[in-house]
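A.B. asks: Okay, sequence plus prediction incoming.
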Amino acid sequence: MRSIEAPMDVVTPLQFSLAYNAFSFTLAAMGAATAFLWLSRSQVAPAYRTALTISGIVTAIAAYHYLRIFQSWNEAYVLKDGIVTATGFAFNDAYRYVDWLLTVPLLLIELILVMRLSAAETASKATRLGTAAALMIILGYPGEIATDIPTRALWGTLSAIPFVYIVWELFRGLGDSINQQRVEARDLVRKARLLTFASWGFYPIVYMAPYVGITGGTATTVIQLGYTIADLLAKAGLGILIFMISSRKSRAEAHGDTGHYA
Ligand SMILES: *C/C=C(C)/C=C/C=C(C)/C=C/C1=C(C)CCCC1(C)C
């Protein structure tokens, strides 16, 4: 069977630099987003501060893992005199999956928190979506590290089952809740859901790159760049939207009602 992403596939100097710079940029962006989200807490009403705290925790966890991913890339390859050599140390894909295992349920929880539903609804939605998200990541990992396409496709397909459930929940279940949001915030909450849907949908597409014959160092690079772009949108991008929703709702609620329209 054809090997799709053996740890020591050599990348070209361009591929090496693209991934190197993308990891470095993302480390800085996740760190900056963390500072912004945590420092903005005092600008929103107390009800929304937990959403901002959690958004910042997500970007902080990601900043840490991008540091480790960046280090691992530098351990796996050396660019010297215009030539990339594989050092023999494997590039570690596990950092990314451990990051996702922690951050993906938290991202869904921050989306639910900012909607300010009843306590019972918040708990039940957070539990169901959080569990499905964790399952999706756990099932995806064996496929990510597999070196042949059938194994990758098998685990990827299994992982897509909880993924489809999450998308369905986001559109059906949360749809009703969105309609109960106050008018000022409704549009932004819809945008947050759309950003989540679009950025999350990007991961399985990137995962499928080897299915269409992309192999070796090119596969490694395409997958790393794709996941990195998706992470920036899904974590830092969503964090900024969460801040915008929180501050808009805080301002509106300062004028009296809680803004729930049943
Ligand atoms: C911050 C990280 C995020 C939001 C990661 C999200 C990851 C996914 C939505 C991954 C989904 C996958 C599938 C649906 C099938 C193939 C395997 C995965 C894990 C890439």
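C.D. replies: Done, it's in.
A.B. asks: and K80, how many neighbours?
C.D. replies: By other Cβ atoms under 10 Å, the residues close to K80 number 9. For glycine as for every other residue, the C-beta is placed from the backbone atoms N, C-alpha and C.
A.B. asks: hang on, I meant Q15
C.D. replies: Count around Q15 with other Cβ under 10 Å applied: 21.
A.B. asks: State the three-state secondary structure for it.
C.D. replies: Three-state call for Q15 (DSSP: H, G, I helix; E, B strand; the rest coil): helix.
A.B. asks: any bit of the host helix or strand of I161 sitting next to the ligand?
C.D. replies: Per DSSP states H and E, I161 falls inside helix 149-171. Yes: contact between helix 149-171 and the ligand is present through G156, S159, A160, F163 (criterion: Cβ under 6 Å from any ligand atom).
A.B. asks: what does that helix rub up against?
C.D. replies: By Cβ atoms under 8 Å, 6 or more residues apart in numbering, the residues outside helix 149-171 that reach it are 1-2, 4, 108, 125, 128-129, 132-133, 135-137, 139-144, 146, 193, 196-197, 200-201, 204, 207-208, 210-211.
A.B. asks: Pull stretch 86-101 out as CSV, backbone CA atoms only.
C.D. replies: What follows is stretch 86-101, C-alpha atoms only, in CSV (Å, rounded to 0.1, in the frame of the first residue of the first chain):
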residue,chain,number,x,y,z
ALA,A,86,15.0,14.9,7.9
THR,A,87,16.7,14.5,11.2
GLY,A,88,15.1,11.2,12.1
PHE,A,89,13.0,12.7,14.9
ALA,A,90,9.3,12.2,13.9
PHE,A,91,7.1,15.3,13.6
ASN,A,92,4.6,14.9,16.3
ASP,A,93,0.9,15.0,15.2
ALA,A,94,-0.3,14.2,18.7
TYR,A,95,0.1,17.8,19.9
ARG,A,96,-2.6,18.9,17.5
TYR,A,97,-5.1,16.2,18.5
VAL,A,98,-4.5,16.7,22.2
ASP,A,99,-5.1,20.4,21.6
TRP,A,100,-8.4,19.7,19.7
LEU,A,101,-9.5,17.2,22.4
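A.B. asks: ok, and for that stretch, which residues are buried?
C.D. replies: Using 16 or more other Cβ atoms under 10 Å as the test for burial, stretch 86-101 gives A86, F91, N92, D93, Y95, R96, Y97, V98, D99, W100.
A.B. asks: Reformat those as JSON lines; add secondary structure, pLDDT and distance to K80.
C.D. replies: Output for the buried residues of stretch 86-101, formatted as JSON lines (DSSP: H, G, I helix; E, B strand; the rest coil; pLDDT from 0 to 100; distance: Cβ to Cβ, whole Å):
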{"residue": "A86", "secondary structure": "strand", "pLDDT": "93", "distance to K80": "12"}
{"residue": "F91", "secondary structure": "coil", "pLDDT": "94", "distance to K80": "17"}
{"residue": "N92", "secondary structure": "coil", "pLDDT": "94", "distance to K80": "22"}
{"residue": "D93", "secondary structure": "coil", "pLDDT": "89", "distance to K80": "24"}
{"residue": "Y95", "secondary structure": "helix", "pLDDT": "97", "distance to K80": "25"}
{"residue": "R96", "secondary structure": "helix", "pLDDT": "98", "distance to K80": "26"}
{"residue": "Y97", "secondary structure": "helix", "pLDDT": "98", "distance to K80": "30"}
{"residue": "V98", "secondary structure": "helix", "pLDDT": "98", "distance to K80": "30"}
{"residue": "D99", "secondary structure": "helix", "pLDDT": "98", "distance to K80": "29"}
{"residue": "W100", "secondary structure": "helix", "pLDDT": "98", "distance to K80": "33"}
